[in-house]
Structure formats: structure tokens, C-alpha cells
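Participant: Quick one, fold the following:
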Amino acid sequence: MIDIEFNRNEDSYKLLLDHIRRIEDELKKGGGATARAKHKEKGKMLARERIDYLKDKEAEFFEIGIFAGHEKYEEYGGCPAGGVVGGITHVSGRQCLVVANDATVKAGAWFPITVKKNLRFQEIAMENRLPIIYLVDSAGVFLPMQDEIFADKEHFGRVFRNNAKLSSMGITQIAAVMGSCVAGGAYLPIMSDEALIVDKTGSIFLAGGFLVKAAIGETIDNQSLGGSIVQTEISGVIDDHFPDDKSCLDRIKHIIDKLGHFEKAGFDRVKPQNPLKDAKDIYGIIPENKAKPYKMLEIIERIVDKSEFEQYKKDYGKTILCGYARIDGWAVGIVANNREVVKTRKGEMQFGGAIYSDSADKAARFIMNCNQKKIPLVFLQDVTGFMVGSRSEHGGIIKDGAKMVNAVGNSTVPKFTIVVGNSYGAGNYAMCGKAYDPRLILAWPTAKIAVMGGEQAANTILQLEMSRVGTLPLEDGQMLIDKVIQKYNQKTTAIHAASNLWVDAIIDPANTRNWLSLGLNAANNAPIGKFCVGVIQT
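Facilitator: Predicted coordinates:
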């Protein structure tokens, strides 16, 4: 029997996925055909070619932040992928984080989003004790925006501070200077544990020839100032030099091949088993109309091994599903917003997607249990926020919500967040939004992140305006509503979130297991601390 609604949902979702892929294909072109041709004329590999050559032949490259900076900096010609390509892959059999400047984008100059993206890479390396490989080819800070890049805590200098912290933690950093490496940016490779350089194309110095001429009157070309021979044979700043990109990348493979290993976290893993239900069914399960209910359990059963999900407190706090499962063999605890309208034992109806007092209490206790048992947590977000109204307020929703937020904030086991649909208000926080340090936070194309939905925001603003000026003409009120909804629709999409790095990637729901397995494998490299719940009122 044909399910017309399922087919309609499926068609809508596939169109969304196609839209995401087409944008990604454009972003992968970097600075455009002309810039790529000039780059190749110098005998250099493109950033993505370098990564592809470096990684193991059969290894997948899980790219992080490809949408960073999308539709930003248009007055400067844009900054595709933030001018830097990076992600997690395997090099010489070892899981590593690889970061490559894209010199086809403004000569690899650093925009504000480039800094934010590089700091995110370093954060991932620190949390998971992953070796990090920098493939440097950058002109340094984008000078027209220096005031947004240079001086603040989370600006350019934080990258070098993190270099020092990574080294103090014993996390290997390898840098290859494969093009320009200028000014403050020169500290990154030299603060790494090993620094390599490519002949003729690579150069590293605090000030280039033009600045040297302006500062002290000396006339000198960049290779004589800080080329490969100078920095390996005269200054000793760089460890070794290589005739071309490939030979330099080969050396990195040999270095990684001999690294020692850290103590593992010890998360439980058994032989993986595929879900019994097809992950691609998710396209038809998620409603085209986001206000419609659906069963989150149907989603979970298409992500977890053997489609088995052992629920915790199944008949209590039904607007959040909690339970144990395995993903690619890894044991996990899942906290997921249930989008069904449910009926309580008291006969009360609860709206799917909202967090009620009982569901917040249940989730908090489950999160504490997972920490005690050393089980990583996976959050599946489709949340409209905490339930409001007199019944909820009188029932202590703020207290119960605080209990859940406290448990999430103090959790020490690795957390992974998938934004399935809505991610509104304090629900974003309670369900482990970006502010709560998920090891990876990933969005499906249907994700929407905001303080509230567009219609709710529009009606709230309308009521505030009416309380200020009195009754508005119907036409003016509708115009205000339409304006707010249009703005929210532009600013709440998965693409907008990814452009600002609120999420690490927009992924195909059918590939969710692979991403989560990647993250769990990375997290197992780093032992976890002791869980402390803080003060939680019961």
C-alpha cells in the first residue's frame, strides 16, 4: 500500500539534501577556477588534494565546518569554507585531525570565521587527544578586518596559546609549511612539535620583503629572507625541507606511523550490527510540515544496532525518550525529544517536542546514571523549549529544568548532539546545545536553531507593540508578523547555523551512524574526569 504522506515527506527531504550538496560542491571549489589554476601553476597541490594524498587510501574524510563563513564577507568577495579545510580522518592507521589552509581564498588569509574554525579544530584535538596536522599556506591576518581578529580572547592569539596547551598535554602537532607563512602566523608551525617546509614554494618569516623594506630599509626577496634553505640550514627554525608537496606529506605519514598511544577511556564496544530498519526511511518519517507530530522512536530504531533501544522509565516523562543502545558497537545512552502528543496517567495531554517537569526530571536522572556507568551520551534534538503556562510554573518547571541543565553541564562522559528539527530556547541548552561542549554537534538539513520559532516570535513582538501603542490596524499587524517570520526563516536554518559554526556539519541522516561512530572512536582516546552533579534540588 502506498503511503502518500511518507512519499511527500521523502521527496521534500531529498530536495533539501540536494540543496545542501549543491552548495557544498560550490564551496569545495574554493576561490574559483582562476585562483586554483594560479595555485597549480606554482607546482602546489590544492588544499583538498593535500588532504586526500595524506589520508589513508580507504579512509573517509569527515569534514568539519565546510559551511563556515557561507554568505558572509560578501563585500570582500566571500570566504568559502572560511578559507581553511579540516576534519577527522586516518593517517597511517591513526585517527588524526588535519587542517589545511586554502590559499585560493584570499591567499589563505585569516578572516574572523577562519579563527573561530581553527579554534574549533584545536578544541576537538584537545578533548579527544587527537594528533593534529597543519598544512600551512596562508598570507596571515586579513588586514581590512584586523580589529575583529587580533586582540580579543578568542582571536588569533588564542591559536598559539592552544599550540602551547596541546604540547603540554602531550598531543602531537605536526606542521608543514607548503606556501606562505607570515607574521604572527609563523608561530603556529614553530610551536608545533615538528615543522617541515617545501622548497621554493614554502617560506616563513615575521615580516615579508615589503614590510622589511618599509621598516628598516633592507631590500630582500622572500626566499632569501625565509625560504626553505634559510630556515633549515641557517636559522634552524624548520626541521627539514622537501622538494615538493608529496614528499613532504610522505614524511608526515612516517612520523604519524611511529607515534605512541595514550591510555584509552575504556568505553564499551562489541561487534557492530546494522539496524534492522533502513536509515533512509528517515526521509519519509520526518514531516514536511514541522508542526506535525512523529515518533522519535522510529528515528532511533534506524540509527542503533539491531534497531534495539532499551528504554529508561518508559511510562514516565514521555516527552523525552531515554534509554540504552549501541551505535556501531559502541554503548551509548540516548536522550531524545519525543514528538508525539502523549497522555499521562493523570489523563493530561502533553505536547510533543516540549519538555515538561516529569521529562526533565527523568532525563536528569538518566544522564547521571550514564556518567556513573561511563556510557557516552547522544542527544537527538527536536525541541520547542520547556513547557510554559500556569500549570507548568506552579508545578516547578524552572526547578526541574535547572536540574536537567545542571546534569548536562556537569556531565563528564562525551556528549554528541544531533539537531534533527527544532532547537528552540532553553530546550537547546537542556538538550546539550553548543554551549554545553558536545564533542560533535551535527545538524540534519531540517534543523532550526533559535530562541523561539518565527511565528511565536512574531506574535510576541506584535503583542508587545500593541501594549505600547494600543490596537494596530489589521494590515500593519500582519505586515509586522510577516516581516519577523521572514527574518526568522532566514536566520534559523541549518545552513545559517553551520555558517556561524553553531554546528560542526550538516549531515545526511542516513550517515548519522558513521559520524557518531567516528566521534565515539575519537572520544575513546581521552580518559574522562570524575562526574560531579553540583547542587540539584529534588
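Participant: where exactly do the helices run in the stretch 1-150 of the chain?
Facilitator: For the stretch 1-150 of the chain, applying DSSP state H, counting those that start in this stretch gives helices covering 4-27, 33-41, 47-54, 112-128.
Participant: can you check the stretch 301-450 of the chain too?
Facilitator: Under DSSP H, counting those that start in this stretch, the stretch 301-450 of the chain gives helices at 357-373, 390-394, 397-410, 425-430.
Participant: Could you export those helices to JSON lines, including columns for distance to residue 56, mean neighbour count and mean pLDDT?
Facilitator: In this view, the C-beta of every residue, glycine as well, is placed from N, C-alpha and C. JSON lines is the format used below for the helices of the stretch 301-450 of the chain (distance: least, C-beta to C-beta, whole Å; neighbours: other C-beta atoms under 10 Å; pLDDT from 0 to 100):
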{"stretch": "helix 357-373", "distance to residue 56": "32", "mean neighbour count": "22", "mean pLDDT": "96"}
{"stretch": "helix 390-394", "distance to residue 56": "52", "mean neighbour count": "11", "mean pLDDT": "82"}
{"stretch": "helix 397-410", "distance to residue 56": "35", "mean neighbour count": "20", "mean pLDDT": "94"}
{"stretch": "helix 425-430", "distance to residue 56": "36", "mean neighbour count": "22", "mean pLDDT": "94"}
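Participant: out of the ones you listed, which comes closest to residue 71?
Facilitator: Nearest of these to residue 71, taken as C-beta to C-beta: helix 425-430 at 22.3 Å.
Participant: can you dump the C-alpha coordinates of the closest one into CSV?
Facilitator: As requested, the backbone C-alpha atoms of helix 425-430 are provided in CSV (Å, rounded to 0.1, in the frame of the first residue of the first chain):
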residue,chain,number,x,y,z
GLY,A,425,15.1,28.4,23.7
ALA,A,426,16.3,26.7,26.8
GLY,A,427,15.5,23.4,25.2
ASN,A,428,18.6,23.9,23.1
TYR,A,429,20.6,24.2,26.3
ALA,A,430,19.0,21.3,28.2
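Participant: other SSEs contacting it?
Facilitator: strand 354-355, strand 377-383, strand 385-386, helix 397-410 (3 or more C-beta pairs under 8 Å, 6 or more residues apart in numbering; DSSP states H and E).
Participant: and residue 235, which of the ones you listed is closest to it?
Facilitator: If we rank the helices and strands packed on helix 425-430 by C-beta to C-beta, the stretch that ends up nearest is helix 397-410, at 47.2 Å.
Participant: could you give the angle of the closest one to helix 357-373?
Facilitator: 20 degrees (axes from the mean of the first three to the mean of the last three C-alpha atoms, to 10 degrees).
Participant: elements contacting helix 397-410?
Facilitator: Packing partners of helix 397-410 (3+ C-beta pairs under 8 Å, 6+ apart): helix 357-373, helix 425-430.
Participant: quick one: which of those helices is nearest residue 74?
Facilitator: helix 425-430 (28.1 Å).
Participant: quick one: residue 521 and residue 95 touch, right?
Facilitator: Yes - in terms of C-beta atoms under 8 Å, residue 521 counts as a neighbour of residue 95; the distance is 6.4 Å.
Participant: Can you pull the poorly scored residue ranges out of this structure?
Facilitator: For the chain, the stretches with pLDDT under 70 are 1, 184, 453-477, 480, 484, 530-538.
Participant: Show residues contacting stretch 206-217.
Facilitator: For stretch 206-217, contacts defined as C-beta atoms under 8 Å, 6 or more residues apart in numbering pick out 182-183, 186, 218-222, 225.
Participant: Would you mind giving these as TSV with secondary structure and neighbour count added?
Facilitator: Shown next, in TSV, are these (DSSP: H, G, I helix; E, B strand; the rest coil; neighbours: other C-beta atoms under 10 Å):
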residue	secondary structure	neighbour count
182	strand	24
183	helix	17
186	helix	23
218	coil	10
219	coil	7
220	coil	13
221	coil	10
222	helix	17
225	helix	18
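Participant: And the strands in the stretch 151-300 of the chain, which stretches?
Facilitator: With strands called from DSSP state E, counting those that start in this stretch, the stretch 151-300 of the chain shows them at 173-182, 194-198, 203-205, 240-242.
Participant: between the second one and strand 173-182, how big is the angle?
Facilitator: Going by the same axes, to 10 degrees, strand 194-198 is angled at 50 degrees with respect to strand 173-182.
Participant: Report the distance from strand 194-198 to the chain centre.
Facilitator: Distance, stretch centre to chain centre, for strand 194-198: 28 Å (C-alpha atoms, centre = their mean, to the nearest Å).
Participant: ok, it: who's next to it in the sheet?
Facilitator: strand 173-182 (parallel), strand 240-242 (parallel) (DSSP bridges).
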